[in-house]
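[1] Sequence and predicted model, in that order:
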Amino acid sequence: MHTRPTALMKDVVSVLFLFFLVLTGIPHMSRDVFAQEPIELESDSFSLHVSANGLVAGLVDHVTGTNYINRESPTSFAVLKGASRACYSKAARYDGKQLVIDFEEPAGQVAFTVTAERRRLVFEVASLTWSDAEELVFAGMPLALKGDLAEPFGVSPLALNLQTNCHTIPGLNSSLSGFMAYRHFGIVGARGAIIACPVNEMRDALKEAVKSSPGLVCSSLGGPWALDAEINQGSYLIASEEDVTEANVDKWIEAARQAGATQIDLHGGHPFRWGDYEVNREVYPRGRDSLKAVADAIHEAGLCVGLHSYAFFIAKETPWVTPVPDPRLDYDATFTLAGDLSDTDAVIPVMESTEAMSTVTGFQVRNSVTLWIDDELILYADIGKDSPYEFRQCIRGAHGTRPAAHAKNAPIRHLKECFGLFVPRGDSTLYTEVAQRTAELYNYCGFDMLYLDALDGAGILAGGGNAWHYEAKFVHELMNRLDRPPVMEMSTFSHHLWCARSRMQAWDCPSRAVKDLVDCHVLGNLQWKAAFLPTHLGWWGNFGWDGIHPERTMPDDMEYLCAKALATDSSLSYIVGFGPESLKHETVQRLAGIARRYEKLRLAGAVPDSVKERLAARGAEFTLSAEGDEPCRFREVVYAAHVVAAGGDPEEWSVHNPYETQPMAVRIEALLAVNEADDSASVLLTDWSDIESFERTTQEGVVGTLNATDEARAAGEPAAVLVAQNNSVEPDRAWASFTREFETPMELKHKGLGVWVKGDGQGAVLNLQLRSPQHLGGGFADRYIALDFEGWRHFALVEAESHALSRYEWGHTRRWKDLTADPNAITPFAYPMYNTWPDYWNIAFLTVGINNLPVGKSVQAGLGPICALPLGRATLINPAVTINGETLTFPVKLESGSYMEFRSKKDCKVYNANGDCLGDVIPTGDVPLIRSGDNTCVFKCASDEQERPRAKYTIVFSGNEL
């Protein structure tokens, strides 16, 4: 989802990893539970065995006779749930047509009609006797399978109508959650199929099942057909920063070609309105005809065009909101007007308690500040939560409605809102009307693709537990109105969406440590091979230089992404940085060229699997050296980066060359600087007089304290001491944190941090974190200080941590090895780790943490006041690099944001902060040779400014050709 880069999860929100057990295991069951002769339900490819006491006893492959049920976990074929208890099956019988399950009291029995079809068994709830039943779960089973393409046999569930839920995605699985039917949607009539057959037949079996089920959508580009469609493999540009118009469509077509994209996604909001999909005539003067002309031009160029919607959400400017609100709009609370109200009153008294109401709103917050009385909408800014209850500081006649007088006892509704938009009631005709309007625009303009963004907000309609139904309902209503099947994506995923879905895993673009996020994305994509869906490594953003956040996209970042996409046959999409305006800059043109070359190879299938396997390895970097019609050649490459503070004494460090001796190749970036000598402009964040307001959280097995101390760096200066002890935890996941929430979020125009720290030399890691409130995305910036010294030192911290985030486990991060071991951690941790950054104008929290604690030892760190420091530009003058006694000097001035790339004395260029080449540089001296193994590097430069300039120095090592 886009309006700003956020942590809003695309395909991963809420249900990315649905291969979990919701199995109804029977506790304390003896080993002879399967001893009795089972009921055998037969299809042509397998038989399902249900024991006489109602357990799933076997799923037997007819060819090999293998039973693929894991009998170590006895599981009821069906479970009935009431308001306060679950009732398990106690007996089962089958008369050739119906399977009848008897339950523990008071649940009675449920009858299932069983139909054998090719490679599947279909179960339909025919009747139940327990009138208090709230939920029925049936056909869940533990499997002795991994759900892997390499296995000989596979098992898949398929829910066959919208009153039937399933937590397991169709495809190959290691367990089945079972089908769920609920009182709210009707238990009788729920239908689900168990499909079981050899793995190489599974897609065909799923195609047959979908085609024969009128309760499902059937798309030739989705679900079991998704891998067959060439169009699903294409990459696309998302027109979010610049609208695509009749005047500039040719430039967009050229932009797509430059980046190797075959599709252009038209993001709505401004060019066409959410909800009613009315076209903005400032963008498209002839209305839909202008938009259709754009789509036609894209088609004539041989490209595809996509409609990017916000699902069922409704803009506040639509006729359903203004001038008279539509009665089908949804609301989540009601009140009664406690007195007559004039058309100008700014305080609205109500009879009911307002304790649960809030004024907190935000893009991802499920809340509005909109009241609805008669035909008027009213905004409020404050709430009286003590009697007399009232809404205060009201703006009357909001959203183009008319201010009016209202009589005492008038009903007041509180409108639902998410993503800054209103919603229809999920069971209203307005819900389907939005689907109709979406379909009309899609059909009229001839779109090829449809992205249902914001569908992950379906929980606002009837709670998160019912989101699956309303997601699926909207998709079904929409698909049934389309003239032709779309390349379909959506910002969430659940069982019923699989039939329509064309590709998986569009994530929001990373803003830091992009290579690490790409690795996480590749890892997260692996599971979807078993669901037979093409995978995706977008959305990607090409960011320019900002100094702090987001990190600038360099050519090696793009090459890393494209190599992994090629290796895993994943398409790409670009939401930032490949529009016509961005492509005016030379660096962006270089990025597009890289994308185009890799995409050409990927779509042509020109790279052998043996090479792809090397390219796919986590952390392995390569560069593509082919030009024109030359055969593609990939060469190993390593980028060794180090940040130095220049302008004073030479900065020295060690660098390791994993390859043979070679001439130096280097990139030097001029960074922001901080004036450490003059702190008069700094902003105090804490002087520890508020130390009692810091709340402690720790890893289990770690104890920690934060207290004021008299042992300050200087007499009379306030200080604190943080003491922590690790009793039992691995050092790099042993942490203690202390967090202060500011009474009012701080507006920090200064993004640096300054602090005096007293180390004890034991190697612990201190973390100073700034974080925005959750309703504004909850973005954070961590800054680490290694306590590998003794005594007091001053630290001026500029850039936030990036690649180091996966080095330690904190409450908000995970180590890479833990992400690898538990893919479920990718959603809650990797996404916020790499995608969101703080809003420095809204800093709500300051956290001081410590990590990397040695087992069995106590670590101590002294802390002076923490301040926000101003950052500024500085200039590197004549930077010089010395390696192994050989010095190369670059006669150039690099201002913060600019950078220089040196490959040889004949290939040395300077770029400004916008990525435009400023010209060549002719270095003086000898090009250092970097020996295989460890080498000592020395960097020095001059500066004519008070601030000490800082630089990021990246040595590039070239290795073997694949």
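    Ah, there it is.
[2] can you give me the helices for the stretch 751-900 of the chain?
    Per DSSP state H, counting those that start in this stretch, the stretch 751-900 of the chain carries helices over the ranges 816-821, 831-835.
[3] Of the ones you listed, which stretch is the most buried?
    helix 831-835 (a mean of 24; mean count of other CB atoms under 10 Å). Quick note: C-beta positions are derived from backbone N, CA and C, even for glycine.
[4] What count of nearby residues applies to Pro870?
    Around Pro870 there are 20 other residues, counting by other CB atoms under 10 Å.
[5] That one against Gly752, yeah?
    Yes. If you go by CB atoms under 8 Å, Pro870 and Gly752 touch, sitting 6.9 Å apart.
[6] Residues that sit against both of these two, list them.
    Jointly contacting Pro870 and Gly752 under the rule CB atoms under 8 Å, 6 or more residues apart in numbering are Val674.
[7] Give me the phi and psi for Lys612.
    phi -60, psi -40 (degrees, to the nearest 10).
[8] What residues does it make contact with?
    Counting by CB under 8 Å, 6+ apart, Lys612 has contacts Leu566, Ala567, Thr568, Asp569.
[9] so what pLDDT did it get?
    The model reports Lys612 with a pLDDT of 97.
[10] could you dump the contacts of Lys612 to a markdown table with pLDDT and secondary structure?
    Converted to a markdown table, the contacts of Lys612 look like this (pLDDT from 0 to 100; DSSP: H, G, I helix; E, B strand; the rest coil):
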| residue | pLDDT | secondary structure |
| --- | --- | --- |
| Leu566 | 98 | helix |
| Ala567 | 98 | helix |
| Thr568 | 98 | helix |
| Asp569 | 97 | coil |
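[11] List only those of those residues flagged as buried.
    Listed as buried from the contacts of Lys612 are Leu566, Ala567, Thr568; burial here means 16 or more other CB atoms under 10 Å.
[12] Would you map the helices across the chain?
    Counting by DSSP state H, residue ranges of the helices within the chain are 202-211, 249-259, 288-300, 429-445, 459-462, 467-479, 514-525, 555-568, 586-604, 609-616, 816-821, 831-835.
[13] got the ones you listed as CSV, with distance to His308 columns?
    Converted to CSV, those look like this (distance: least, CB to CB, whole Å):
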stretch, distance to His308
helix 202-211, 26
helix 249-259, 14
helix 288-300, 13
helix 429-445, 11
helix 459-462, 20
helix 467-479, 14
helix 514-525, 21
helix 555-568, 21
helix 586-604, 20
helix 609-616, 30
helix 816-821, 30
helix 831-835, 19
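[14] The ones you listed: which one's closest to Asp340?
    For Asp340, the closest of the helices of the chain is helix 429-445, at 31.1 Å, according to CB to CB.
[15] what helices or strands is that closest one leaning on?
    Packing partners of helix 429-445 (3 or more CB pairs under 8 Å, 6 or more residues apart in numbering; DSSP states H and E): helix 288-300, strand 304-309, helix 467-479.
[16] circling back to that earlier point, what's the closest of the helices of the stretch 751-900 of the chain to Phe845?
    Closest approach to Phe845 among the helices of the stretch 751-900 of the chain is made by helix 831-835 (13.9 Å; CB to CB).
[17] Which segments of this protein make up each domain?
    Segmentation of the chain into domains, based on automatic domain parsing, reads 39-216, 232-314+428-497, 331-415, 514-632, 638-672+873-961, 683-800+837-870.
[18] Could you dump the ones you listed into a markdown table and include distance to Ala506?
    Below are these laid out as a markdown table (distance: least, CB to CB, whole Å):
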| stretch | distance to Ala506 |
| --- | --- |
| domain 39-216 | 16 |
| domain 232-314+428-497 | 6 |
| domain 331-415 | 17 |
| domain 514-632 | 5 |
| domain 638-672+873-961 | 26 |
| domain 683-800+837-870 | 19 |
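[19] among those, which is nearest Arg503?
    domain 514-632 (4.4 Å).
[20] Pull the distance from the closest one to the chain's centre.
    Between the centre of domain 514-632 and the centre of its chain there are 18 Å (CA atoms, centre = their mean, to the nearest Å).
[21] Tabulate the CA atom coordinates of stretch 145-161 in PDB.
    C-alpha atoms of stretch 145-161 as PDB (Å, rounded to 0.1, in the frame of the first residue of the first chain):
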ATOM      1  CA  LEU A 145       4.400 -35.000   4.800                       C
ATOM      2  CA  LYS A 146       6.500 -31.800   4.500                       C
ATOM      3  CA  GLY A 147       4.300 -30.200   1.800                       C
ATOM      4  CA  ASP A 148       7.300 -30.300  -0.600                       C
ATOM      5  CA  LEU A 149       7.400 -30.500  -4.400                       C
ATOM      6  CA  ALA A 150      10.100 -33.200  -4.000                       C
ATOM      7  CA  GLU A 151       7.700 -35.600  -2.200                       C
ATOM      8  CA  PRO A 152       5.700 -38.200  -4.200                       C
ATOM      9  CA  PHE A 153       2.300 -37.400  -2.800                       C
ATOM     10  CA  GLY A 154       0.400 -34.300  -1.800                       C
ATOM     11  CA  VAL A 155      -2.700 -33.300   0.100                       C
ATOM     12  CA  SER A 156      -4.700 -30.000  -0.200                       C
ATOM     13  CA  PRO A 157      -7.800 -28.600   1.200                       C
ATOM     14  CA  LEU A 158     -10.200 -26.500  -0.800                       C
ATOM     15  CA  ALA A 159     -13.100 -24.600   0.800                       C
ATOM     16  CA  LEU A 160     -16.000 -24.600  -1.700                       C
ATOM     17  CA  ASN A 161     -18.100 -21.700  -0.600                       C
END
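[22] Show me the strands in the stretch 101-250 of the chain, by range?
    Counting by DSSP state E, counting those that start in this stretch, the stretch 101-250 of the chain has strands at residues 109-117, 120-128, 135-138, 141-142, 153-159, 164-166, 175-176, 179-182, 191-198, 236-239.
[23] Thank you, goodbye.
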